[in-house]
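Colleague: What shape does this take:
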Amino acid sequence: MKLRDIAHSRTGDKGDTSNISVIAYDAKDYPLLVARVTAERVRAHFVGIVQGEVVRYELPNIAALNFVMSRALGGGVTRSLALDAHGKSLSSALLDLDISADAADTR
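Modeller: The predicted model follows:
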């Protein structure tokens, strides 16, 4: 399934840092997000875009994860020549991540 099947997201930016939240539609799916949407997978999903580290923060009270990605916006809004200098499309791109609900699959 795609991540978008069980979650929605929001994106923010500050300089060259992108911030993406992933929020479960239903709190019962939060453990699956924690297990499958790791900082490493997000970093791999954005290979070639995110040049710095990806840090994941868990927010269990609201069934959400927050990813802070450094060096992700081509230098920031005032320096980037990218069409999406704010990185707003990154949240939609992350929701295209394939995840497995199979307990045996830990990828």
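
Colleague: helices or strands next to the helix or strand harbouring A93 in the packing?
Modeller: In the assignment (DSSP states H and E), A93 maps to helix 89-94. The contact analysis (3 or more Cβ pairs under 8 Å, 6 or more residues apart in numbering; DSSP states H and E) places helix 89-94 against strand 7-14, strand 17-24, helix 39-45. Backbone N, C-alpha and C define where each C-beta goes, glycine included.

Colleague: Try it again at 7 Å.
Modeller: If you count contacts as 3 or more Cβ pairs under 7 Å, 6 or more residues apart in numbering; DSSP states H and E, helix 89-94 packs onto strand 7-14, strand 17-24.

Colleague: Determine which stretch of the ones you listed is the most buried.
Modeller: strand 17-24 (a mean of 21; mean count of other Cβ atoms under 10 Å).

Colleague: got the buried residues for the next helix or strand after it?
Modeller: With elements assigned by DSSP H and E, the helix or strand that comes after strand 17-24 is helix 30-36. Under the neighbour-count criterion of 16 or more other Cβ atoms under 10 Å, helix 30-36 has Y30, L32, L33, R36 buried.

Colleague: Next: stretch 62-71.
Modeller: A63, A64, L65, N66, F67, V68, M69, R71.

Colleague: Between those residues, which sits nearest E40?
Modeller: Among the buried residues of stretch 62-71, F67 lies closest to E40 (Cβ to Cβ), at 11.2 Å.

Colleague: Was I right to think that closest one contacts V50?
Modeller: No - if you go by Cβ atoms under 7 Å, F67 and V50 don't touch, sitting 9.5 Å apart.

Colleague: Quick one: mean pLDDT for the helix holding A93?
Modeller: Mean per-residue pLDDT for helix 89-94: 76.
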